[in-house]
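>>> here you go, sequence then predicted model.
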Amino acid sequence: MSRRLTVHPDRLLPADRELRAIARELYAEVADLPIISPHGHVPADWFADDVRFADPTALLLTPDHYLTRVLHSHGVPLEHLGVGQGELTHEQSRAAFRTLCRYWKEFRGTPMKLWLESQLVEVLDIDLAPAEDTADEIYDRIDARLAAEDLRPRALYDRFAIDLIATTDDPCDDLAAHRRIATDETWAGTVVPTFRPDRYLEPARPGWNDDVDRLAQVSGQDTGSYAGWVAAMEDRRSYFREHGAVSSDHAHLDAGMLPLAPEESERLYAAARGGTITPGDADRLRRGMLFEQARMASEDGLVMTLHPGAWRNHHGATAARFGPDVGADFAVPTEYVRPLRPVLDAFGTHPRFRLVLFTLDETTFSREIGPLASFYPSVFAGAPWWFIDAPEAISRYRRAVTESCGFGKTSGMIDDTRALLSIPARHDMARRLDCAYLAELVADHRLTLDEARDTAHDLVVRQPRLAFALEGEDLR
Amino acid sequence: MSRRLTVHPDRLLPADRELRAIARELYAEVADLPIISPHGHVPADWFADDVRFADPTALLLTPDHYLTRVLHSHGVPLEHLGVGQGELTHEQSRAAFRTLCRYWKEFRGTPMKLWLESQLVEVLDIDLAPAEDTADEIYDRIDARLAAEDLRPRALYDRFAIDLIATTDDPCDDLAAHRRIATDETWAGTVVPTFRPDRYLEPARPGWNDDVDRLAQVSGQDTGSYAGWVAAMEDRRSYFREHGAVSSDHAHLDAGMLPLAPEESERLYAAARGGTITPGDADRLRRGMLFEQARMASEDGLVMTLHPGAWRNHHGATAARFGPDVGADFAVPTEYVRPLRPVLDAFGTHPRFRLVLFTLDETTFSREIGPLASFYPSVFAGAPWWFIDAPEAISRYRRAVTESCGFGKTSGMIDDTRALLSIPARHDMARRLDCAYLAELVADHRLTLDEARDTAHDLVVRQPRLAFALEGEDLR
Amino acid sequence: MSRRLTVHPDRLLPADRELRAIARELYAEVADLPIISPHGHVPADWFADDVRFADPTALLLTPDHYLTRVLHSHGVPLEHLGVGQGELTHEQSRAAFRTLCRYWKEFRGTPMKLWLESQLVEVLDIDLAPAEDTADEIYDRIDARLAAEDLRPRALYDRFAIDLIATTDDPCDDLAAHRRIATDETWAGTVVPTFRPDRYLEPARPGWNDDVDRLAQVSGQDTGSYAGWVAAMEDRRSYFREHGAVSSDHAHLDAGMLPLAPEESERLYAAARGGTITPGDADRLRRGMLFEQARMASEDGLVMTLHPGAWRNHHGATAARFGPDVGADFAVPTEYVRPLRPVLDAFGTHPRFRLVLFTLDETTFSREIGPLASFYPSVFAGAPWWFIDAPEAISRYRRAVTESCGFGKTSGMIDDTRALLSIPARHDMARRLDCAYLAELVADHRLTLDEARDTAHDLVVRQPRLAFALEGEDLR
C-alpha cells in the first residue's frame, strides 16, 4: 500500500507553539524572496542550451553523490546507480531508480530526504512516497513530466526566482556558454562564472605540468617562469572578471598561504616544472601561489572563497573506477588562525579584499572562523557546506558563530550544488532554520521581533551581496 | 529527614508537551524489547558460576570507576572506597557506602545518578534517596536483598530480557566459562566472548615478550617470527569464532593501521622480540599488526571495533598503587580519516569486513565518523562511549552523525560495562533519548510518525544485528 | 522614530512555559545573591581613588575591545573609536558614540548587545534603543549621569553587591592601590590582587631580560641564575599572598608544564639571559618555569588559573599602531590531557594544589577538561571565557562538562572583564543560563526541584569559593 507524500508548511520550524508562531511570522517575510546563489556547480551549458533532462535517474540520482554515497554505504555498487556508466538504457535507469526507492528509509534524518521530497512534491507534482512498490509509478510520472517546457533550466531559473547563479569554472575555460547567455536577448537570467584554479596550484599533482602548459596557451603568457605563471593567472582572472565573475574558489588540504621571496618562488617553480620538486617544497610553492591569489584578489576585487580540509579520493579502487567526486572525499581537522596569519596580516584590512571561510570541521566555527570574522573586515563566516549543510549542523553554525561575529559577517546561504532542481529546497531549508533560530532569540528576549524580522531579511538579501561584493563597493 | 526516591516514567523525554506525547508513543514501542549487548565487560564466570554478590559496596561501588572517580575528584581517597583493597570488612564496606551517600549530590547532572537511582528503585526496590542519614538503611536493605535468588546473574539476565551478551577476553583465554555456559542445558542465555588482543600488539609495553611467549604456548604456533605471530593470532581468532565470538575489540592511542612489507615486519618484530625496538618502530609495528587484524577480519568475519584515543594511567602514583582502570584514563584528540585510509582502501568495500568506530573525541562524529559510515559499507558509527555515554552527549551524537550516515549505519546501544545491574538502565536511557530525538524529527515534520516508529524499532533490533553481523550475512 | 529600550525580566530563560516557570523559580533564589569575582581586570586604582569616569565613550566604548572589534569588522577604523588616541575631544567622543549607535544592529545575537542594553537600562536609566537618531540623546543623558556620586567605583561595588573582586597584576607591582584600599577604614570592599607572571616566563619575548632585571630589583633576589629567578618568584608570590591574592593567572600559547633538571634549567636560563636561546629551548624553559609555578602553588596555596591557546596580536599593523588587547587575539586548537600529564602526575592529588582550566577551544570541554576535573581533586573546569562567554556557548559548556565532572568541579562564573559597569549583567547572564539548564534537568526528571535549587545556589556561592580556595582550606 503506497503512502501519500506531502511536505508540511511548517517543516523545520520549532515544535513549541510560541516559538513556531514567531518563526512562521519571520519565515513569511522571507519565504518568497529571490534566490541569490553565489557559489554552485550547475553547468553554464544547461542555461546556454536550455537542455532537456534525459530521465528521472539522470535528473535526480546518478549525478547526486549525496544520494549515491548513502546507497553505496548500504552495499549498493555505484555502477548499479549509473555512476561512471555513460548513458543508461531505459531498463538500467528504471532499475537504478527502483534501488533508490527500495532504500529510501536509509535517508531518514538526512537532508537528502528533505530535499528530494520537496523536489518530488513541489517541482514534480509527485504525491507518492518513494518505496519499492511505488518506484515504477513515480518513475513514469517524472518521466512524463520531463517532456514539459517548464522543467528546462531557464524555466526553472525563472520559476525559482533566481536573481543570480554562479557556476564553477576552470581558468582555461573560454566561458563561451556564459557569453552566449549574456548576449542572448531572449532570456534575462544572470549566470556568472567562478574562477577555480586549484589544479594549477598543486605542483605535486600528476598532470600539473600539462595544465600549466595549457594555461600558457590560453593566456598567451609564458608559464616557463613563476613570474609568467603569475601573469597568466592575472590574465585569466581579468578575463573572468570581464565575464561577470565575482569570486575565485580554492580548495586545498590546508588553508595555508605564505608569501615566498621572488627568487625562492622561481627556484621552486623551476623544480616543479622540471619534475624534481619534493613534496614539502610542493606544499610551500602551493601556499605561495595561494598567497599570490590573495594578493591578486586585493587588487581585482574577486572575492576569495576558501574550502580547505577535504581529503579527496579516499578509496583508491573507487577513484580508479569511477573518478573523483563520487562521495569518497572526507574531512580532516582544519585550522584557520595559524595558517591565515600571513595573508590576513598582509590583506586582512585591505578595503578590496574579501575572504569567505568555509569548513568541514565544525570545531572551527566558534574557535576560529567566528572570531576572525569578528575582527577582520575582509573575513566572512561561510555557511555550512557539504556534510554539514543540514538542519542540525546549520543550527549549530548559527549558535557557534553569531555570538562572536553577529549575523552581519556571515555569507548567507550557499547551495554549492549541481542539482538545479534542489536549489529552492536548499535555500528554503536555510531560511526556515534561520527563522527558527531567530524565533528563539525573540522568545527569550535576546531580540525584539522587529530586530529579528530585519535580520531574517538581511540573511537572505544583504549578506550574500555583502560577502560576495555584488554591489562591488569597497568595505571601507 | 529522608526523601523518597522514585524514577519518573517520563524521565529523559522532552519537556514540551507535544514532543513528549510523541516520544512516549515511540518509547512505548521499544521500552520492553529484549537487550542486545554486543560489547561489554561482565565476566563470563559470573554466568558460568551464577555467583552471589558479596555486599552492597562490592555490588555497586568498588568496581565502578565512574563512581569512584567522581568521589576521588572531591578528595575521597580511592582506598576508602575499597579500590585495590581486596575483600573489605563489613565495617569498611559500610563506611565506603556511607561516603558514596554523603557525596551523592556531586553526581547531579551525571548519568551515574540516573543509572544508580534506576538500579535502586527498579532492581533493588529501594525507595530512599541516598544521603548521609539514609546510607545505613539503604545499605542494610540492599544487603538483605542480596541473599535472594533473583539477584544472581542468570536470574538477572532473564529478568532483564537479555538476548545476547558479549564479554571481553584475552586471546589466550581458554573460554572455559563460555563453554560451561554453552553446554549447560539448564540455562539458555547467550554469552559470547570478544577477542581483545591489545596487549599483544604493543611491542613497546613491558611484558610484551612474555605475553607473546604465552601466545605461542596457547596457540601451538612458534611466535619467534612475525609470520608465527600472525599464525598464532589466526589460530586464536578461529578458536574464539568457534566459541561464538562475533567481534574483536581494539584500543590503542591512535587509530593507525598501516601494512608493512613482509621483510619489514619480520625485521621490526625481531627487534621487538630482542628488546631493541625504538619507540617509533614499535608504533609502526603496532600499526602493521593492527592492519593484519583487519585483514584477518575480512576473512574470518569477526567485526572489528575500534576505541582509539585514550591516554591510559595518567596519574603515575594512582596506577602504581591501584593499577589500571580506576578512572585515571583520559582522551586526546583523535583522527579517523587519515589513519584509516590504508585499511579502508584495502578492505573498505570488502563484503565481509565491518569496522565499528567508537570515539572519546566528539569532534569526529560530524567531521569523520558519520561521513566515513556514509560511504563505506563496512563502517558503522559506534554509540557514544565512556565519558560521553550520557544524555546530552548521546543527543549530540545523533544530531552529529545522522545527517550524514542516517540511522542505518549506527551501531545501536553499546553498554560497555562490567556493572551487570546497570545494563537495563543504560539501554533504557539510550532508548528514551533516541525516542526523544525522533520525536523532534516528527514534530518539525522531518519524519512521519510511522517512519519514526520503524526507526525506533530498528535502533534497538536491527542496528546491533547489522553492525555486529549477528545474522552472519555479508554486507553485499 | 526612536524605539523604547527595555530589558525583559525573563530574558534568557527558556521559551517553553513549563521550563520557564521552573527556571523563574530557580532564578528567584539566586538573582540577588552577592557577586564573587575572583578573576578580572578592573584596575585597583579605580577603587583606591574612587575615580570619576570621563565621558560615555570612555566609559562604555573605547576600553571594551569586544565592542571595538565588531565595529572594526564592519570597516570602522579603530582610531575612530578612540582606541590608542589618548583623551578624546568632546566632539571625537560624541562621534565615536554615534558610530557605535549607527552600527548597533551588528551586535544582534552577541552577548555584547545584552550586556550593554542591561547597563543602559539598569545602571544608567536609559530607555532609548541605540540608533543613529538616538545617539546624541543617549550620549547626553549618560554624560549627565556621570556626574553623580553613585556611578563611582566604590558606590558601584556596593550597589552591585560585590563580595570580592580580584584584579590582575604584574609581579613587580607594589600593590600600593590594594594597600590603600585595605587600610582605608571608610570603605569595606574586598579588592585582591592576582599574580600574573606571563611576561617573566617567555624568555624569547623581546624585553624579557629587562623584565627579569626589574624583577631582581623589586624582589631583592639576584636573577642572574635560574635559582635566583625562582627565589624572586617565590618572594613576589609571597608578597602577593600577604596582600590578599588568592590565585596566579597564566596564559601561554600551550598548556605545557614540564620539569627540567636543575642543571638544564640553569643552562637554558643562562642562554636566555645571554640572548642566545633557540626558540625550541625558549619553549622548554617556559614550560619548566610554568611547572615551577605549579610547584610553588602546591606550597603557597595560590590557585593556578590557566588560559592557554590564544594567538596574540594576529594583525601586525594593528599591533604596531594600537598595541595589544584590541581584539586581534584569536584561538588555536588546544590540548590539556597530554601537556598537563607531568604537572598532574606531580601535584594532581596534592591537597593544597588547585588548577582551574579555561579554554577558547570548546572541543576540550567534553574531551579533556570535564574528565580531568572528574578525577583530579585539584582540577576545576573553568567557566567559558572570552569569545565563548556567551549564552549559547555557556549552555554548551554546562552540557559538555557536567556529565563527567558534575556541577561541583566547575569554577563558577568568571567575568574576566575590565568593564566594571558590565559585571552585574555578566553574572546575571550566567545565573539565568544556569537556571535555564537546571530547569531542563528538572523538567525531564534528571533532578528534583529541590536538588536544582540547591545546585543553583552552589553555582553562585559554593563553586567560586571552592575553586579559588576562598576559605583557604585544603582539598582533603
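In hand now; what should we look at?

>>> and the strands in chain A?
A:35-37, A:162-166, A:191-192, A:247-250, A:303-306, A:310-311, A:330-331, A:355-357, A:379-381 (DSSP state E).

>>> quick one: the ones you listed as a markdown table, columns for distance to chain B, mean pLDDT and mean neighbour count too.
(Each C-beta comes from the backbone N, C-alpha and C, glycine too.) As requested, the strands of chain A are exported to a markdown table (distance: least, Cβ to the nearest Cβ, whole Å; pLDDT from 0 to 100; neighbours: other Cβ atoms under 10 Å in any protein chain shown):
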| stretch | distance to chain B | mean pLDDT | mean neighbour count |
| --- | --- | --- | --- |
| strand A:35-37 | 22 | 98 | 23 |
| strand A:162-166 | 25 | 98 | 22 |
| strand A:191-192 | 30 | 98 | 25 |
| strand A:247-250 | 20 | 98 | 24 |
| strand A:303-306 | 17 | 98 | 26 |
| strand A:310-311 | 5 | 96 | 18 |
| strand A:330-331 | 4 | 97 | 26 |
| strand A:355-357 | 16 | 98 | 27 |
| strand A:379-381 | 17 | 98 | 29 |
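
>>> tabulate those strands (JSON lines), appending distance to A:Asp415.
Listed next are the strands of chain A as JSON lines, based on distance: least, Cβ to Cβ, whole Å:
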{"stretch": "strand A:35-37", "distance to A:Asp415": "6"}
{"stretch": "strand A:162-166", "distance to A:Asp415": "9"}
{"stretch": "strand A:191-192", "distance to A:Asp415": "14"}
{"stretch": "strand A:247-250", "distance to A:Asp415": "14"}
{"stretch": "strand A:303-306", "distance to A:Asp415": "13"}
{"stretch": "strand A:310-311", "distance to A:Asp415": "18"}
{"stretch": "strand A:330-331", "distance to A:Asp415": "19"}
{"stretch": "strand A:355-357", "distance to A:Asp415": "14"}
{"stretch": "strand A:379-381", "distance to A:Asp415": "16"}
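
>>> compare those and report which one is nearest to B:Glu79.
Smallest distance to B:Glu79 across the strands of chain A (Cβ to Cβ): 45.7 Å, for strand A:330-331.

>>> any residue of that closest one touching chain C?
No - judged by Cβ under 8 Å from any Cβ of the partner chain, strand A:330-331 and chain C are separated, with a smallest distance of 14.4 Å.

>>> can you list the strands that that strand pairs with?
Using DSSP bridges, strand A:330-331 pairs in its sheet with strand A:310-311 (antiparallel).

>>> which residues touch the strand it pairs with?
By Cβ atoms under 8 Å, 6 or more residues apart in numbering or on different chains, the residues outside strand A:310-311 that reach it are A:251, A:253, A:329-332, A:360, A:386, B:337-338, B:341.

>>> among those, which ones are buried?
Buried residues within these, counting neighbours by 16 or more other Cβ atoms under 10 Å in any protein chain shown: A:251, A:329-332, A:360, A:386, B:337-338, B:341.

>>> chain B contacts on the stretch 351-476 of chain A?
A:360-363, A:387-388, A:390-393, A:396.

>>> same thing but at 7 Å, please
A:360-363, A:387-388, A:390, A:392-393 (Cβ under 7 Å from any Cβ of the partner chain).

>>> now A:Pro464: closest residue in space, sequence neighbours ignored.
Nearest non-adjacent residue to A:Pro464, counting by Cβ to Cβ, 6 or more residues apart in numbering or on different chains: A:Gly412, 3.6 Å away.

>>> give me the neighbour count for that neighbour.
26 (other Cβ atoms under 10 Å in any protein chain shown).

>>> okay but it is in contact with A:Arg465, surely?
No - using Cβ atoms under 7 Å as the test, A:Gly412 is too far from A:Arg465 to be in contact (8.0 Å).

>>> any idea which residue sits dead centre in chain A?
With distances taken as Cα atoms, centre = their mean, the residue of chain A nearest its centroid is A:Asp416 (1.9 Å).

>>> surely it touches A:Trp385?
Yes - look at A:Asp416 against A:Trp385 with Cβ under 7 Å: they come within range, at 5.8 Å.

>>> need the contact list for A:Leu429.
Careful, residue A:429 is Met and not Leu. A:12, A:111, A:114, A:391 (Cβ atoms under 7 Å, 6 or more residues apart in numbering or on different chains).

>>> I meant to write A:Asp64 there.
A:Ala419 are the contacts of A:Asp64 under Cβ under 7 Å, 6+ apart.

>>> now do the one 4 residues further on
If a contact means Cβ under 7 Å, 6+ apart, then A:Thr68 has A:61, A:78, A:81, A:83, A:326-327 as its contacts.

>>> spatially, which residue comes closest to it, not counting chain neighbours?
A:Leu81 (4.8 Å).

>>> check A:Ala251 too.
A:His307 (4.2 Å).

>>> from chain C, how far off is that neighbour?
19 Å (Cβ to the nearest Cβ, to the nearest Å).

>>> isn't that residue up against A:Leu357?
No - look at A:His307 against A:Leu357 with Cβ under 7 Å: they stay out of range, at 8.8 Å.

>>> quick check: which ranges of chain A have low pLDDT?
Applying pLDDT under 70 to chain A flags residues A:1-2, A:472-476.

>>> please parse it into its domains.
A:53-150, A:153-467 (automatic domain parsing).

>>> and the contacts of strand A:310-311, which of them are in helices?
B:Arg341 (DSSP state H).

>>> ok so, going back, most tightly packed of the domains of chain A?
domain A:153-467 (a mean of 21; mean count of other Cβ atoms under 10 Å in any protein chain shown).

>>> distance from the chain centre to that one, please.
From the chain centre to the centre of domain A:153-467 is a distance of 8 Å (Cα atoms, centre = their mean, to the nearest Å).

>>> what about it, how long is it end to end?
Domain A:153-467 stretches 26 Å from its first residue to its last (Cα to Cα, to the nearest Å).

>>> quick check: closest non-adjacent residue to A:Asp235.
A:Ser219 (4.2 Å).

>>> what separates the one you found from chain C, distance-wise?
A:Ser219 is 33 Å from chain C, by Cβ to the nearest Cβ.

>>> surely that residue touches A:Glu234?
No - assessed by Cβ under 7 Å, A:Ser219 is found out of contact with A:Glu234, at 8.6 Å.

>>> which bits of the stretch 351-476 of chain A sit near chain C?
So far as Cβ under 7 Å from any Cβ goes, the stretch 351-476 of chain A lies against chain C at A:363, A:366-368, A:371-377, A:399, A:402-409, A:440-441, A:443-447, A:451, A:455, A:475-476.

>>> just checking, which of the residues you listed belong to helices?
Per DSSP H, those map to helices at A:363, A:371-373, A:399, A:402-405, A:440-441, A:443, A:451, A:455.

>>> that older thread, farthest-separated two in the contacts of A:Met429?
Within the contacts of A:Met429 (distances taken as Cβ to Cβ), the two that end up farthest apart are A:Leu12 and A:Pro111, at 10.0 Å.

>>> since that was my last question, I'll sign off now.
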